[in-house]
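Colleague: structure of the sequence below:
(chains A, B, C and D)
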Amino acid sequence: MIGLPHYLVLSSLLFGMGLFGVLTRRNAVAILMGIELMLNAANLNFVAFTKFVDPTFVRGHVAALVIITLAACEAAVGLALIINAYRHLETVNVDQVNLLKG
Amino acid sequence: MARLAWLIPLFPLASYGILAFRGRVLGERAPYVAIAAMAVSAVLAWGTFLEQVLGAPPFVWRAAWAVGGERVITVGYTVDSLSSITVAMITLVGGLIFVYSVGYMHGDPYYARFFAFLSLFCAGMLTMVLANSFLLMLIGWEVIGLCSYLLIGFYFRRRSANLAQMKAFLTTRVGDTLMLVGIMALFWQFGTVDYQTVFEAVHKGAEKASAAVRLGPWEIPVVTLTALLIFGGPIGKSGQFPLHVWLPDAMEGPTPVSALIHAATMVAAGVYLVGRAYPLFFFTPHHEALTWVAWVGTVTALMAGLIALAQDDIKRVLAYSTISQLGFMMAGLGVLGYTAGLFHLLTHAFFKALLFLAAGSVIHAVRTNNIKEMGGLWRSMPVTFWTFLAGFLALAGVFPFAGFWSKDEILLEAYHHDPAIYTLLTAAAFLTALYMSRLVAYAFFGRYRGPEHPEPDPWLPEDYARAGVHGPHHGHEAHRGPHESPPVMTVPLMVLAFFALVAGFVGIPGTGPEGGSWIHHFLKFEGFEEAGIHAPSFSWPLALRSLAVALAGIGVAWVVYGVRWVRSDQVRAWVGPLYPFLRNRMYIDTVYAWVFVRGGLALAAGLRWFDVHGVDGLVNLVGGVTVLVSRLHRLFDTYVVDGLVNLIGWLTRGLGMLLRPLQTGRAYHYILVAAAGLVIIVVVSLWRL
Amino acid sequence: MGLGGLLSAVWQVELVRMVVLAAVVFTFLAVGGALFLVLAERKISAWIQARVGPKHVGPHGLLQTVADTLKLLYKENIVPHRADRVLFSIAPILVAVAALLDWVVIPFAPGWVVRDLNVGILYFAAVSSLTVIGILTGGWASNNKYSLLGGLRSAAQMVSYELPLAFSLLLVATLTGTLSTVRIVEAQPYPAYLYPSVAVAAVVFLVAATAEANRIPFDLPEAEAELVAGYFSEYTPMRFALFQLGEYGSLLASSALFTTLFLGGWKGPFPLPWLGPVGNGLVWFLLKTYAVVFFLMWVRWTYPRFRIDQLLGLSWKVLLPVSMMNLLVAGWLVVVVR
Amino acid sequence: MNAEALAFCALAAMVLVGGALVVYSRNLVHAAVSLVPTLLGVAGLYVLLHAEFVAAIQILIYVGAITVLILFVILLTEGATGLRVRQRNEQVPLALGVCGALVALLWVVLLRVPWGPAAGPLPPYNPGAVGRSFLMPYVLAFEVTSLVILASLVGAIVIARREE
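Modeller: Reported below is the predicted structural model:
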């Protein structure tokens, strides 16, 4: 029987992968992808907890939907920023975007 | 139809909205919007009116607006005989004036704005008339006041217009404030401002209504005090003594404004309100509130009539005449002539609008307001002359024009109520005939005394002239002497002249049931029947007497100004100091200027002196002390505080030097450290478990 | 557990089974549909342009597409130089599968639906949005600037037109109070006072669906004249056929969904004799669907192509505000009338 | 092993393989395309968890919109994302250590907790249940989210448009 721990283990793995991507990628878009993985891991946890711990009010679903919405917002703004940075600096690597560094 | 009555004010309001926001784009087409809106309103208003005429029951609609505990303030509208006939009159006269303005204001750079203001005004007026409560009425009332202010100062570059608009606003504000207090008093007493509820409460003599307030040596019943406070509003708005001073000055506005606002409708608002709130006045002990109303009206009528005798400005004469007639209406209402006062309100609206518009046509042609510079215009401006004459005869009260019927009603009521008032009003009626005849004789008869080529309109401010606008008369070509106005202006005159003739016929005895007149049947106050008061029936001797008075006035004027058997300067010599007294408007304006304007300025100067020497001295003293203290403080600051601060700065910089390599500016380094920190925290907490 | 256990398993597993089943069944169904539609398109275009169209293979050219398909199957698959092999192969499959997955929630007749999901129309929107990934990756993987441009255009276009489409779906969901396609059909006809709103939503849906299917006047991603066929320029026979399958499959699916949402689905104006409820529903449903398909083809051969700025402007500045207002008005009406 | 477990394993494999590709792929387009199976797998897991509505939204927004957007940006910034550019920074081993430690610790924690069986059935029709939760207990979150959407909409337009 598949229980809550299965989902939690899976989501922790996904989270770890996402974190690894965020930590090691130079490209801003790739970092964004890592963040999306981490958010998905969190969402998976929320939905799993809803089913196994507290099904009334589907709170986890609500949280997941809010997170998905915010992820969409974050992607839109983040990618707009990346495009703008690329237009000015011709790079999207976060370690080369250092105009403000004294 | 009554259920649609709420739409009546909305169309002009919509027109205002359109013109205010899109007027610049509409330009020349602006009046069509306003006139169309007014036409729709007029159709609705006349439909409502005819429905009432055919015997529909009064209709009141109300909805909760604000709810505070037990008290509910409602918003809604009332359709009964009084409000329906008034909206019918307003939309008709207003619509005609709109049409007239198309010609009169043509070429004005603020053409659309003018119509926007007029529309807003009509919206406010109609709201005020149709309102179901004092609060909604007050909203309409204030909109009217605002529009009056805007329109008096319509030629806003002209100093005198600015002063006039301020005067109008501030003067009426005195009355409005009293009225506001009165409405608050009503709310305090009855917990509502709804007409019906308030009137029923007053009628039943609710406990609180019969309470009394001690005011010095007098004990005034609360209800009387409330009624008189509310009467403050009409005193201001309807130009009653002693707040009448703004109305003559309001003639600074364009003539259609004078006709619409300061003759036909806005000033009628006060009278209308007294009629609307009649139960409040009537059910005071011994009708004492009405006695006040009657006397204020009588004094006003007589005073304004006298002043009008000595004025040379055509519009000012008409303005004082308006004040005088409003006095008549108030007096009529005050002597228990509910129908008579309101009947005069309606007829007066027609012929006074007519007189103003015709006067505007004259001014338009001769480019001056001074009647002494006119003369002989009957030949060159026949339509204007004949229509003006109709208005004149109506105002003077000559059979069978409208004014005869309505004024006679008032005199009849006064005769049966209080002989003193009757005598004074008869004198005022005589004066009315006299000064109007003087006006007609100067303006239309004799020979033309003005220049051959009238100068550009002195009423027009400089920037209009610079804009290449030569007065309201667009495309002004060289012409000899004054000439007739275009049809867009004369047609409304003719329509109004028609009404000036026939509007009084509803007051002919026998036109209604039981030998009374139709208007008595239509507009009646229920309280009279209960109190056993019956309207006096028409009496021939009185009617003939008032006709004789009117004809006498005309005759005297004819002797002096027409055939000139007696020269006017001789008359002037006989009356001695009376002439300058009247010419200077009984010095009322002068007194006000001294007492209120200069008094106010002096008070301000005194306060300013106190401010400069008293308050500022104190402030300067505090300032000096502060400066001294701060000097001492600075020494402390420089050596002790700054020393510490610099020490901290040096320390920080040293620390920064040490820590600088840690800040790489790379986000992923930080995240790594954060993640490592998280790992450490989890490890530590696990270990402690 | 055996097969029986699988069959009696909890429903969500059954759903997975159903999806697989649907993929299998509708692959054949949609391949047949696409074959027919290609022929229909050629015939209709010929008819509109006063030509004859294919006529040599089979009676009246009826077997022309079959012959073409056979030809495509036998031709060589070419991968362009320095193209990304993996993505190049996956892209057409993704497009075709996405188009086929749409069919899971389409009800053909009473009871004839692969799975009546309680998030049916949302599922449709979700799955049909997968197409764009295939197109984008296909365009990129071809290593050809025209293909890439086509792919980028397609992405911009589809992301833009998904919003009005979603608003139309939302409107229907608001009116019927459900997302299930079957219950939407059952809720029809809509009350008369909602007709204006539904009509606006239908028009928006039709426009957006045309754009989602990359059809003229919204066929910018292909645009033969500018981009030499856009994202599938480099594709050779079978993969090209998959793209075509996807395109015609989603065309058919959009028409079917339009029928379901706005034309009453399987419900007909009068019952047909001898067919029974299922046959009746099937006939009416197919009639309506193919009428919509015909209408879209008619549009394709009548109107010219938009410019890219006009296309995006239409979506963001016209369709989106209109459908938002429409949704507000309809919601208000529903609340007021209730 | 029953059907649910089978489905779970398949989906988990899909998620993990996809996720790994997202993180490891040198080619960013491949990484972005690998997001698709990952996210679809998560959506599938949502279905297993009786959250069809969240699953549909997951596909619609994550797969249909965010992934497309990411791909779009990658293709637009080709000059900086091409294969010739070094894609990893210098802290790979360190990051591997930290992430591994974190995951391991999470396992330690969550395997210590005695998770009970499912607490009860979900509301049967969950789009409706979610809608009701959004409009009743969580209306504030809903409103704030809508504000965030508005702000990010405006922000994205302002940032991304070409300066005149």
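Colleague: which parts of chain D belong to which domain?
Modeller: As assigned by automatic domain parsing, chain D contains the domains D:1-83, D:126-164.
Colleague: report the contact partners of the residue nearest the centre of chain B.
Modeller: Nearest to the geometric centre of chain B sits residue B:266, at 4.1 Å (CA atoms, centre = their mean). Going by CB atoms under 8 Å, 6 or more residues apart in numbering or on different chains, residue B:266 touches B:121, B:125, B:144, B:147, B:148, B:237, B:260. (C-beta placed from N, C-alpha, C; glycine too.)
Colleague: which strands and helices sit next to the longest helix anywhere in chain A?
Modeller: Longest among the helix segments of chain A by residue count, using DSSP state H, is helix A:59-89. Of the remaining helices and strands, those touching helix A:59-89 by 3 or more CB pairs under 8 Å, 6 or more residues apart in numbering or on different chains; DSSP states H and E are helix A:28-52, helix D:52-57, helix D:68-76, helix D:126-135, helix D:139-160.
Colleague: phi, psi of residue A:93?
Modeller: In terms of degrees, to the nearest 10, the main-chain angles of residue A:93 are phi -90, psi 130.
Colleague: show me what contacts the spatially closest residue to residue C:210 that is not a sequence neighbour?
Modeller: What sits nearest to residue C:210 in space, not counting adjacent residues and going by CB to CB, 6 or more residues apart in numbering or on different chains, is residue C:218, at 5.6 Å. Shown in contact with residue C:218 (CB under 8 Å, 6+ apart): C:157, C:161, C:210, C:211, C:305, C:306, C:311.
Colleague: what's the spacing between residue C:218 and residue C:139?
Modeller: 16 Å (CB to CB, to the nearest Å).
Colleague: next, the buried residues of the helix or strand harbouring residue B:495.
Modeller: Using DSSP states H and E, residue B:495 maps to helix B:487-502. Buried residues in helix B:487-502, defined by neighbour count with 16 or more other CB atoms under 10 Å in any protein chain shown: B:489, B:490, B:492, B:493, B:494, B:495, B:496, B:497, B:499, B:500, B:501.
Colleague: gap between the nearest residue to the fourth one once chain neighbours are set aside and residue B:404?
Modeller: Meaning residue B:493. Among residues not flanking residue B:493 along the chain, residue B:387 sits closest, at 4.2 Å (CB to CB, 6+ apart). Remark: distance between residue B:387 and residue B:404 (CB to CB) = 18 Å.
Colleague: who's more crowded, those two?
Modeller: Remark: of residue B:387 and residue B:404, residue B:387 carries more neighbours, 26 against 23, as counted by other CB atoms under 10 Å in any protein chain shown.
Colleague: in chain D, what helix or strand scores lowest on average pLDDT?
Modeller: Here the helix or strand of chain D ranked lowest by mean pLDDT, DSSP states H and E is helix D:78-81, holding a mean of 64.
Colleague: tell me what the next helix or strand along the chain from it is packed against?
Modeller: Per DSSP H and E, the first helix or strand lying C-terminal to helix D:78-81 is helix D:92-112. With contacts defined as 3+ CB pairs under 8 Å, 6+ apart, helix D:92-112 has these neighbours: helix A:4-24, helix B:667-688.
Colleague: out of the ones you listed, deepest packed?
Modeller: Mean neighbour count (mean count of other CB atoms under 10 Å in any protein chain shown) peaks for helix A:4-24 among these, with a mean of 23.
Colleague: pLDDT of it, averaged?
Modeller: Helix A:4-24 comes out with an average pLDDT of 90.
Colleague: list the contacts of residue D:61.
Modeller: So residue D:61 contacts A:68, A:69, A:71, A:72 (CB under 8 Å, 6+ apart).
Colleague: can you count the residues close to residue B:447?
Modeller: Neighbour tally, residue B:447, other CB under 10 Å: 7.
Colleague: skipping its backbone neighbours, what lies nearest it in space?
Modeller: residue B:376 is the one closest to residue B:447 (CB to CB, 6+ apart), at 5.0 Å.
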